[in-house]
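Trainee: Sequence plus the predicted model coming up.
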Amino acid sequence: MQQTEQAKKQYQKMVERASPGSRTFANSLKAFVVGGLICDVGQLIRNLLLKGGVSEDHTAIYTAVILVFLGVLLTGLGVYDKIGKFAGAGSVVPITGFANSVAAPAIEYKKEGYVLGVGAKMFLVAGPVIVYGTLAATVVGLIYYLVK
Amino acid sequence: MDYLKAFLVGGLMCVVGQILIDRTKITPARILVLFVVLGCLLGGLGVYGKLVDFAGAGATVPLPGFGYAMSKSVMAEVDKNGLIGVETGAFKAMAGGVTAAVLFSFLASLVFSAKAK
Amino acid sequence: MYKNAGKQTLIFGNDGDPASAPRITACASIVGPKEGEGPLGRDFDVVSQDIMFGKDTWEKAESEVARQAVEMAANKAGLRLEDIRFVLAGDLLNQCIGSSFGMRAVGRPFFGLFGACSTFGEALVLGAALVDGGWADHVISSASSHFCSAEKTFRFPLELGTQRTPTASWTVTGDGAAVVSAFGDGPRITAATAGKIVDMGIKDVSNMGAAMAPAVADTLTRHFADMNAGPDHYDVIATGDLGRIGKELLIELMFKEGYDLTKNFTDCGVEIYGPEQDAHAGGSGCACAAVTFSGHFYKKLTSGKIGKMLLVPTGALMNQTTAMQGESIPSIAHAVRIEGMQITDNR
């Protein structure tokens, strides 16, 4: 087997031809419906809380907490990964997906103990979101402070 | 009506994520990072806030909403406390969601085990 | 006494006499529920409905199935464990703990092997060499993998809601073990071609068939040249876990080399799961070739349905760190020539 750069490039092309792409249209439709429905659940919780006289600021926090709870619960019950298999980004992008990405390693790594397993691995997947979200917010805050 | 708007906007954000996953070589983890950072920057520019006014949960429940909440909070903290707000704003916004994720995930790890597929 | 052919091929048996070559006197195959539901489900010795094999972690489960298969193989060959001179086994987990932890209860001299999913081929070649060289009357060559422990080692926690791409494969849960003996009845291991590491620059860890196909093409063309024989020489050529995409790519690569693989070529990863089982490109993992050979092809060889076969287990030699560092996937394939009961000399 020739392993020259040229042969590698040719082979890459051959692989691209032979490998079926994801069915983006069908996947997107499923992501749209499931993602939209999860947001509607959020809207429902929000509307109920507001109706119950909870303040706007607290409503946002309660809504997040309740959705996170639901995401973690469905993960623990072994349901969320099935939703994810069907919905793809539809169940990854909403905050319930964030909850899933925290709960899944927590449950998986409990066999390695509660400190170095659950404790250390809990943010294995979600960690980058918090790191870069925090950095971006710091940049925004700094600029805002300077231009205000 | 707000349910329709939430459904459409939230659903469309997921569609963008799906297309990025399927059609580009960007991994899902990187797409999530991208979404949060984008939400945060758009929040800083005041754009995302308008989307939230329009779509409600449709804009706050998807991950860019998480970034938006951080930027909103960091600016509010700067208004209140000056420079120190840059350091405290982001985590204040996350406090509820992340604490909930830690608490419930820890409890879940006590109760549940990973199931074979 | 000639033991070599061409550049990379080992010839077994006294002076190349296939009748005296090492033989596979028994095979054991134990699989999990999903493999049991597949098209080969009835061929396996044991289909466990419990994917944990009675243990409380994925890793222990894999070690347990490895231990059970090795003991069952010895038992089926009518041997006690003490009769087994060496055990050669490998798996996919870090530092090969699937095998070593399983084998600590077996109490026989042990060689832990790593060739990723080609490990069963590696174990058969080295086992046959030990037997043919006179260092052992009986060895066991074995390889295991477990879907859950492999996901944890190479991908994500199981409960994470992700979608698999169409090119992704499904790690086979189970262990296949073969007793290779100096005497007794069974199909002979008459030759083997050791593979080189080939890397054609594929980086997608969800498309391992594409990464591995060139390594198979390299080994196969070498084998055909060394043995002065083409694909027609075999009733079946079976690769380990190329899957549907890798299989098509190999046919194309071999066509360019002037060989026609469309007639007698299949892939264990394509055979082991049905299209409705949602395994995408097919099965993979060390156990894929190991259980498909031990459960399916071995029975065909002993019953005479197949005369000669070339088993080519295939391995993608990356880990999670190299993937994160953006490295391409080096791959390997070893070809093992196995001939049924009716030995004819046509060399």
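Mentor: The structure has been received and is ready for your questions.

Trainee: Quote the end-to-end distance of stretch C:236-250.
Mentor: End-to-end distance of stretch C:236-250: 15 Å, with Cα to Cα, to the nearest Å as the criterion.

Trainee: Tell me how far it lies from the chain's centre.
Mentor: 13 Å (Cα atoms, centre = their mean, to the nearest Å).

Trainee: what's the model's confidence in it, averaged?
Mentor: Average pLDDT, stretch C:236-250: 97.

Trainee: Tell me if the longest helix anywhere in chain A is near chain C.
Mentor: Criterion DSSP state H: the longest helix present in chain A is helix A:24-51. Yes - with Cβ under 8 Å from any Cβ of the partner chain as the criterion, chain C is reached by helix A:24-51 at A:Asn27. For the C-beta atoms, the positions are set from N, CA and C on the backbone; glycine is no exception.

Trainee: Could you pick out the residues of chain A near chain C for me?
Mentor: Residues of chain A found near chain C (Cβ under 8 Å from any Cβ) are A:1, A:3, A:7-9, A:11-12, A:14-15, A:18-22, A:27, A:75-76, A:78, A:80-85, A:87-88, A:91-92, A:97, A:100-101, A:103-105, A:107-109, A:111, A:124-125.

Trainee: From those residues, list the buried ones, please.
Mentor: Those of the residues of chain A next to chain C that meet the buried threshold are A:1, A:8, A:11, A:14-15, A:18-19, A:22, A:27, A:75-76, A:78, A:80-81, A:83-84, A:87-88, A:91-92, A:97, A:100-101, A:103-105, A:107-109, A:111, A:124-125, by 16 or more other Cβ atoms under 10 Å in any protein chain shown.

Trainee: For the stretch 1-150 of chain C, which residue gets nearest to chain B?
Mentor: Nearest to chain B in the stretch 1-150 of chain C, going by Cβ to the nearest Cβ, is C:Ile51, at a distance of 4.2 Å.

Trainee: Which members of the buried ones among the residues of chain A next to chain C occur in strands, if any?
Mentor: With strands defined by DSSP state E, no entry of those lies inside them.

Trainee: I'd like the list of these that fall within helices, please.
Mentor: Among these, DSSP H puts A:8, A:11, A:14-15, A:18, A:27, A:75-76, A:80-81, A:83-84, A:87, A:91-92, A:97, A:100-101, A:103-105, A:107-108 in helices.

Trainee: Check which element follows whichever strand or helix holds B:Leu20 along the chain.
Mentor: Assigned by DSSP states H and E, B:Leu20 belongs to helix B:2-23. Downstream of helix B:2-23, the next assigned helix or strand under DSSP H and E is helix B:28-44.

Trainee: So which bits of that following helix are buried?
Mentor: Residues B:28-29, B:31-44 are the ones in helix B:28-44 that count as buried (16+ other Cβ under 10 Å).

Trainee: mind checking how far it is from the chain centre?
Mentor: Helix B:28-44 sits 8 Å away from the centroid of its parent chain (Cα atoms, centre = their mean).

Trainee: Looking at that helix now, give me its mean pLDDT.
Mentor: Per-residue scores along helix B:28-44 average to 94.

Trainee: Contact partners for whichever residue of chain A sits closest to chain C?
Mentor: Nearest to chain C in chain A, going by Cβ to the nearest Cβ, is A:Gly84, at a distance of 2.0 Å. Contacts for A:Gly84 (Cβ atoms under 8 Å, 6 or more residues apart in numbering or on different chains) come out as A:Ser91, A:Val92, A:Gly97, A:Asn100, C:Leu160, C:Gly161, C:Thr162, C:Gln163.

Trainee: Now for the residues you listed: which two are most distant?
Mentor: Within the contacts of A:Gly84, A:Asn100 and C:Gln163 form the most distant pair, 13.1 Å apart (Cβ to Cβ).

Trainee: list the helices and strands the helix or strand containing C:Leu310 packs on?
Mentor: Under the criterion of DSSP H and E, C:Leu310 resides in strand C:308-312. Here strand C:308-312 touches helix C:119-132, helix C:208-227, strand C:236-239, strand C:335-339, going by 3 or more Cβ pairs under 8 Å, 6 or more residues apart in numbering or on different chains; DSSP states H and E.

Trainee: partners of the shortest one in the sheet?
Mentor: Using DSSP bridges, strand C:236-239 pairs in its sheet with strand C:265-267 (parallel), strand C:308-312 (parallel).

Trainee: can you pull the contacts of residue 97?
Mentor: Using chain A here. Taking Cβ under 8 Å, 6+ apart, we find A:Gly97 in contact with A:Gly71, A:Gly84, A:Ser91, B:Leu32, B:Leu63, C:Gly161.

Trainee: You answered for a different chain; I wanted chain C.
Mentor: C:Glu59, C:Ser63, C:Asp91.

Trainee: wait, does the next helix or strand after the strand holding C:Leu310 contact chain A?
Mentor: Proceeding N to C from strand C:308-312, the next assigned helix or strand is strand C:314-316, under DSSP H and E. No - Strand C:314-316 lies apart from chain A when judged by Cβ under 8 Å from any Cβ; the minimum separation is 13.5 Å.

Trainee: Quick check: neighbours of strand C:314-316 in the sheet, parallel or antiparallel?
Mentor: Within its sheet, and counting by DSSP bridges, strand C:314-316 is paired with strand C:331-333 (antiparallel).

Trainee: quick check: mean pLDDT across the strand it pairs with?
Mentor: Mean pLDDT, strand C:331-333: 98.
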